[in-house]
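Peer 1: I would like to see how this sequence folds:
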Amino acid sequence: MSLLSALSVSASGMAAQRTRAELLVENIANSETTRTAEGGPYRRKDAIFSSELAPSAFASELDAQLNSSLTGVTVSDISIDTRDPERKYMPGHPDADPQGYVAMPRVNPAEDMVDLMSATRSYQANVAAISAVKDMIQRSIDLLR
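Peer 2: So this is what the prediction gives:
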């Protein structure tokens, strides 16, 4: 694997984790939203990852030498929770039905916070990998002097 390809793989991981973190923050922010523009309560969103060929100028040469392809990660889709919303008895709420129940989002803020910490750590791991590759490139340049 070339060092520039390693940078591409880590960069794709960072972009995917950024998207995941944005969706998790949106979920947490809307955990009590009972009315949206689409109608009804907020629907939880989650990123679905898939592998993709890592973009690199050296990909074809590397593939010929290693007979394998480098893969990165991308967000292939964003899933939206289609389950029925939770119903909570809150008779004074403006969105309560005639029986006093309010349709609430199926968002667990504690679970999403743990997922957000995981996304942050994955992002940091990719930053560390890029930093290590940068150091290797710098040492290679120093050796060639």
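
Peer 1: Which single helix of the protein contains the most residues?
Peer 2: If you go by DSSP state H, the chain has its longest helix at helix 109-144.

Peer 1: helix/strand/coil for S31?
Peer 2: coil (DSSP: H, G, I helix; E, B strand; the rest coil).

Peer 1: Identify the spatial nearest neighbour of it, chain neighbours not counted.
Peer 2: V107 (4.2 Å; C-beta to C-beta, 6 or more residues apart in numbering). C-beta: built from backbone N, CA, C; applies to glycine.

Peer 1: again, but for S79
Peer 2: Nearest residue to S79 in three dimensions, chain neighbours excluded: D46, at 5.1 Å (C-beta to C-beta, 6+ apart).

Peer 1: wait, what's in contact with the residue nearest in space to the middle of the chain?
Peer 2: Geometric centre of the chain, nearest residue: R20, 2.0 Å, by C-alpha atoms, centre = their mean. R20 makes contact with 46-47, 49, 75, 115, 119 under the criterion C-beta atoms under 8 Å, 6 or more residues apart in numbering.

Peer 1: Can you tell me the SS state at it?
Peer 2: Here R20 is helix, with the state taken from three-state DSSP.

Peer 1: Can you tell me which helix or strand of this protein has the lowest average pLDDT?
Peer 2: When the helices and strands of the chain are scored by mean pLDDT, DSSP states H and E, helix 59-66 comes last with a mean of 54.

Peer 1: Skipping adjacent residues, who's closest to I48 in space?
Peer 2: Nearest residue to I48 in three dimensions, chain neighbours excluded: D77, at 4.4 Å (C-beta to C-beta, 6+ apart).

Peer 1: Might you list the low-confidence residue ranges for the protein?
Peer 2: Along the chain, the model assigns pLDDT under 70 to residues 1, 54-70.
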